[in-house]
Structure formats: structure tokens, C-alpha cells
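>>> sequence first, then the predicted structure, then my questions.
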Amino acid sequence: MPKMKAIDIKKQIVAELTEHLDGAVAGVVVDFSGVNVAQDTTMRAELRKAGVTYRVAKNTLIGRACDNVGYGDMAQYLTGNTAIAISREDPVIAAKILKSHTGKESKLEIKGGFYDGKVIDADMVRTLADTPTPEESIAKFLGSIQSSLYNFAYALQAIVDRGEVLPASAAEATAEAEAPAEPAPAEAAPTEAAEPAAEATAEAAPAAE
């Protein structure tokens, strides 16, 4: 099998990067100078598990791939030792993972990236990293519901413990005892006794001549 020429290797790298960038929802460009092997291995494993593509390449090759998909402005961040992390599904996960590996004990530096079809700077990448993922938002929502239900149940139990809530049967009996008594039905007028009196009066009256 013939050995690939250097120019062919470069073309292949650009083609692969272009394929990953095309249709990606977000990406982060970092300078990995000074990152030790242990940190690099851990970081790559986290990115891979999250479905993020991580590639180290020459700045010129990354720049060409970015040009191919409309990210020509990325050139301003392509200096030093550069790696690019590309996410095709989750727009915040790459930024989150890479930001978690920056700090006082790490020499990893976020230089820029892209999101929503636009090139963004390092500050925007860090802001993106602080945005909750859909899973985090759902977990937070469920946590708030569980907390509210727990507080509600605790409050009800406290009321019951103080004797302020009666059992259902006792409450029904109390309600019946406190309900006003229904008025007795009115007695019908004694119409039968009145009729003979009326007849007697009529007989006593002299008949008109």
C-alpha cells in the first residue's frame, strides 16, 4: 500500500474536520499547552462519553475546515497549540466539560468557539458553560416538586399531631350534630270539623220568602 503524501494527509484532516463541523450545534477551541497526560486522558474520556468530538490539529488545517462551514472569523483564535471540541447535539456540554478542566491547577485555556451559527469569544463560551443542560433543568424541576410535596406533607402531619384535623368519621359526626334541625311540617287545617258547623249555621238562618 503506497504511503500517503503529506498533502493528502492534510486534505484528509481538513475533510474530517469539515464533516464534524458541518451541522454541529456548538464547538470550543482551546490551547492545551502544558496540560499533563493524566488531565488530557481524563478530559478526552469525558468528552467522548458525552458524544463530543475532540481533535488536535495545526491551526491552518482547523482554519480551512472552519472556512468551509462559514466560521472564517475563528482564525483570530487559532494560535499556539490548538484543539477543537465539536458537539453535534448538546450545545453546552463541550463548554461545560472544558471549563471544568480550567482553573488554577490547570493550564488549559479556552480561546473561543462557535454557537448557533456564530463564532463566539472565550467569555461567551464560559457563559454557555454555565447554562443548565436539559437533564439538569429537568432534575432541578423534579427536585423542586419533591421538596414542595415534602413540605406540604410535613405541614399536614404537624396539623394532625396537634389534633387540629379530625378523622373523617368524627368530622362527619360533628357536622351532623352541628347542623340545624329541620322544621316540623305544618299541620293541615281541620276542614272536616268546620264543615258541620257551617251546615248548622245555614239551617238556623230563616229561609228567605
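That came in fine, so what should we check first? Numbering: from 1, shown residues only.
>>> show me what contacts Tyr71?
The contact partners of Tyr71, taken as CB atoms under 8 Å, 6 or more residues apart in numbering, are 21, 114, 119. Where you see a C-beta, it was placed from the backbone N, CA and C, and this is true even at glycine.
>>> I'd say the first one and Val69 touch.
Yes. Using CB atoms under 8 Å, Leu21 is in contact with Val69, at 4.6 Å.
>>> so which of those two has more stuff around it?
Using other CB atoms under 10 Å as the criterion, Leu21 and Val69 rank with Leu21 on top: 22 against 19.
>>> from Asp67, how far out is that one?
Distance of Leu21 to Asp67, given as CB to CB, to the nearest Å: 10 Å.
>>> could you do Val52 as well?
Val52 sits 22 Å away from Asp67, going by CB to CB.
>>> the two: which has the busier surroundings?
Val52 (26 against 15).
>>> what is the neighbour count of Ile84?
27.
>>> next one: it, what pLDDT does it get?
We have a pLDDT of 98 for Ile84.
>>> and what of Ala6?
pLDDT for Ala6: 87.
>>> neighbours around it, how many?
Counted with other CB under 10 Å, the neighbours of Ala6 add up to 8.
>>> for Asp31, what are phi and psi?
Backbone torsions of Asp31, given as degrees, to the nearest 10, read phi -110, psi 120.
>>> that one and Glu109, how far apart?
From Asp31 across to Glu109, the span is 4 Å (CB to CB).
>>> just the CA coordinates for stretch 91-98, please, in PDB.
Written as PDB, here are the backbone C-alpha positions of stretch 91-98 (Å, rounded to 0.1, in the frame of the first residue of the first chain):
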ATOM      1  CA  PRO A  91     -24.900  22.900  22.700                       C
ATOM      2  CA  VAL A  92     -23.500  23.300  26.200                       C
ATOM      3  CA  ILE A  93     -21.800  20.100  27.100                       C
ATOM      4  CA  ALA A  94     -18.400  20.700  25.400                       C
ATOM      5  CA  ALA A  95     -18.100  24.100  27.100                       C
ATOM      6  CA  LYS A  96     -19.100  22.600  30.500                       C
ATOM      7  CA  ILE A  97     -16.500  19.800  30.400                       C
ATOM      8  CA  LEU A  98     -13.700  22.000  29.100                       C
END
